[in-house]
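Student: can you look at this prediction? I've put the sequence above it.
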Amino acid sequence: MAQKNKTKIYFWLKLDENFYKNIIIKKARKTSDTMVIVYQRLMLQSLATNGYLYYEGAFENLAEELATSLDEDVEQVQMALAFFSKYGLIQFDNEQNANMLQVHALIDQETNWARYQRENRKKEKTEKLDIVQPLSNHCPTEIELEIDIEKEIDKEVEEEISTPPSDLQKLIELYQTNFGIVKPILYDDLKADLADYGLELIIEAVKRAVKRQREYGYAQGILKSWNNKGIKTLDQAKAEEVSFQNKSQSNQNKFQQQKPVKKAPEWTDEGRLIKAGVDTTGMTQNEMYKLVGEMGLRNE
């Protein structure tokens, strides 16, 4: 009977020099380097649970549980939790569970099989460099053939189990590329947008915001406008844009042929939305007022 091996997953944090350039980390180091070390250990502790530290109720509070688990002083853990929650890098829910917000952007993982293959390929590459006998004088053995077949199988397995970047990671990278560092308070907003609209629509909305030199709030306004119109896919969003452009061109042609038609003044909510490229047809005054606020157009 074939034996099934349990797949083990290894997690790690992808830290670079920017971690220590973070103003909050710098401030923490001035207080205590130990506190930063404890914070990093808490991040590592949360990897297997996707960035969360769950309070199990074995001790009076989460700090005591974590101190026991990490063999750290309780006061040091309490200080780290208090400091980093104050500055928004840790969030607590009503059940004392801690959300290590930085971990979501820094986490990476691989299975034990993928790790074995990566290390094995590295070892084989080193061994090949040490071979001095000409390949023509080397007789392939049955064992070597078996290894070659195993490599092919391993390659297929590794391709199947390798974990691509999550949509949340892609969204965070998209935000950082176009708008700057993601502040901890924005993580929940990004997660909610991802759940409500999907990555494709968010990317399209961000493109339009960047094209108009706007911030992410502008993209959120576009997403809400699409949602109100029942637009759920990228194709629908593009079709709506084409329809709007055609309608605008048609109205412009009519305007040139007919008497001037009174337009909404630019200082009104409708005027601001039209100037921003939003089709206000069928929208109530209250809807336009709300959308102008969400897109940050009121101060223009």
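Tutor: That came through fine. Residues are numbered from 1 along each chain as shown.
Student: please make it C-alpha for all contacts and neighbour counts, starting now.
Tutor: Will do.
Student: what segments of the stretch 51-200 of the chain are strands?
Tutor: Taking DSSP state E, counting those that start in this stretch as the test, the strands found in the stretch 51-200 of the chain are 52-53, 90-92, 98-100, 107-111.
Student: flag every buried residue along stretch 63-83.
Tutor: For stretch 63-83, the neighbour count (16 or more other Cα atoms under 10 Å) marks 63-67, 74, 76-81, 83 as buried.
Student: want to throw the residues you listed into JSON lines with pLDDT?
Tutor: Listed next are the buried residues of stretch 63-83 as JSON lines, based on pLDDT from 0 to 100:
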{"residue": "63", "pLDDT": "93"}
{"residue": "64", "pLDDT": "94"}
{"residue": "65", "pLDDT": "93"}
{"residue": "66", "pLDDT": "94"}
{"residue": "67", "pLDDT": "93"}
{"residue": "74", "pLDDT": "93"}
{"residue": "76", "pLDDT": "93"}
{"residue": "77", "pLDDT": "94"}
{"residue": "78", "pLDDT": "93"}
{"residue": "79", "pLDDT": "93"}
{"residue": "80", "pLDDT": "93"}
{"residue": "81", "pLDDT": "94"}
{"residue": "83", "pLDDT": "93"}
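Student: now residue 289: how far from residue 72?
Tutor: Relative to residue 72, residue 289 is positioned 54 Å away (Cα to Cα, to the nearest Å).
Student: ok, now residue 209?
Tutor: 47 Å.
Student: same thing with residue 101?
Tutor: The gap separating residue 101 from residue 72 is 22 Å, by Cα to Cα.
Student: lowest average confidence, helix or strand, in the chain?
Tutor: helix 142-161 (a mean of 42; mean pLDDT, DSSP states H and E).
Student: the nearest residue to residue 279 once chain neighbours are set aside in helix, strand or coil?
Tutor: Setting aside the residues directly before and after it, residue 279 is nearest to residue 244 in space (Cα to Cα, 6 or more residues apart in numbering), at 6.6 Å. Under DSSP: H, G, I helix; E, B strand; the rest coil, residue 244 falls in the helix class.
Student: number of residues surrounding residue 244?
Tutor: Neighbours of residue 244 under the rule other Cα atoms under 10 Å: 15.
Student: try residue 60
Tutor: By other Cα under 10 Å, 10 other residues sit near residue 60.
Student: residues in contact with it?
Tutor: Not one residue lies near residue 60 by Cα atoms under 8 Å, 6 or more residues apart in numbering.
Student: again, but for residue 266
Tutor: 272, 275.
Student: flag the shaky bits of the stretch 151-300 of the chain, pLDDT-wise.
Tutor: 151-165, 182-185, 248-264, 299-300 (pLDDT under 70).
Student: tell me which stretches of it form helices.
Tutor: Taking DSSP state H, counting those that start in this stretch, the helices of the stretch 151-300 of the chain run over residues 167-179, 187-197, 199-211, 216-228, 234-257, 269-275, 285-294.
Student: residue 242 and residue 94, how far apart?
Tutor: 47 Å.
Student: more crowded one of these two?
Tutor: The neighbour count for residue 242 versus residue 94, taken as other Cα under 10 Å, is higher for residue 242 (12 against 6).
Student: may I have stretch 166-184 as PDB, with CA atoms only?
Tutor: What follows is stretch 166-184, C-alpha atoms only, in PDB (Å, rounded to 0.1, in the frame of the first residue of the first chain):
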ATOM      1  CA  SER A 166      -2.300  36.400  -3.800                       C
ATOM      2  CA  ASP A 167      -4.700  39.000  -5.200                       C
ATOM      3  CA  LEU A 168      -4.200  41.000  -1.900                       C
ATOM      4  CA  GLN A 169      -0.400  41.100  -2.500                       C
ATOM      5  CA  LYS A 170      -1.000  42.200  -6.100                       C
ATOM      6  CA  LEU A 171      -3.300  44.900  -4.900                       C
ATOM      7  CA  ILE A 172      -0.800  46.100  -2.300                       C
ATOM      8  CA  GLU A 173       1.900  46.200  -4.900                       C
ATOM      9  CA  LEU A 174      -0.400  48.100  -7.300                       C
ATOM     10  CA  TYR A 175      -1.200  50.700  -4.600                       C
ATOM     11  CA  GLN A 176       2.500  51.100  -3.600                       C
ATOM     12  CA  THR A 177       3.500  51.600  -7.200                       C
ATOM     13  CA  ASN A 178       1.000  54.300  -7.900                       C
ATOM     14  CA  PHE A 179       0.200  56.000  -4.600                       C
ATOM     15  CA  GLY A 180       3.000  55.200  -2.100                       C
ATOM     16  CA  ILE A 181       3.300  53.100   1.000                       C
ATOM     17  CA  VAL A 182       0.200  51.400   2.300                       C
ATOM     18  CA  LYS A 183      -0.600  52.700   5.700                       C
ATOM     19  CA  PRO A 184      -1.800  50.000   8.200                       C
END
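Student: I appreciate the help and will end here.
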